[in-house]
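A.B. asks: Sequence first, then the predicted structure, then my questions.
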Amino acid sequence: MTPLQRYLIIFAMTAPSAVVVWAIFHGVFTTLSRTEVAMGYVDPLTQMGIYLGYVAMIGGTLIFAVIAAWSAVQAAGIWLRGRRSGRD
């Protein structure tokens, strides 16, 4: 496996993972937030669920997105170096 393939695989796995993490935890956050609004009050355990859902949604998405961006930049750099060396 070449380094270019490795970075493309990393990108192909982390970019969709960022979207999936956002979708899952956004659903949890939204559902728990609606419950809070409908009831006017939630117990501390539900409030902690809302907070942790928000942290997981933002943190997980950012981590996967940063890894995806990093691997895309690395793959682009390798690809461009290969094109330049092929022209010489």
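C.D. replies: Thanks, I have the structure now.
A.B. asks: longest helix of the protein?
C.D. replies: helix 44-87 (DSSP state H).
A.B. asks: for that one, packing partners?
C.D. replies: Applying 3 or more CB pairs under 8 Å, 6 or more residues apart in numbering; DSSP states H and E, we find helix 44-87 packed against helix 3-39. Where you see a C-beta, it was placed from the backbone N, CA and C, and this is true even at glycine.
A.B. asks: mean confidence score for the helix it packs on?
C.D. replies: The pLDDT scores in helix 3-39 average 89.
A.B. asks: Report all helices and strands that it contacts.
C.D. replies: Packing partners of helix 3-39 (3+ CB pairs under 8 Å, 6+ apart): helix 44-87.
A.B. asks: hang on, the earlier thing: could you tell me the angle between the longest helix of the chain and helix 3-39?
C.D. replies: Put simply, helix 44-87 runs at 160 degrees to helix 3-39, going by axes from the mean of the first three to the mean of the last three CA atoms, to 10 degrees.
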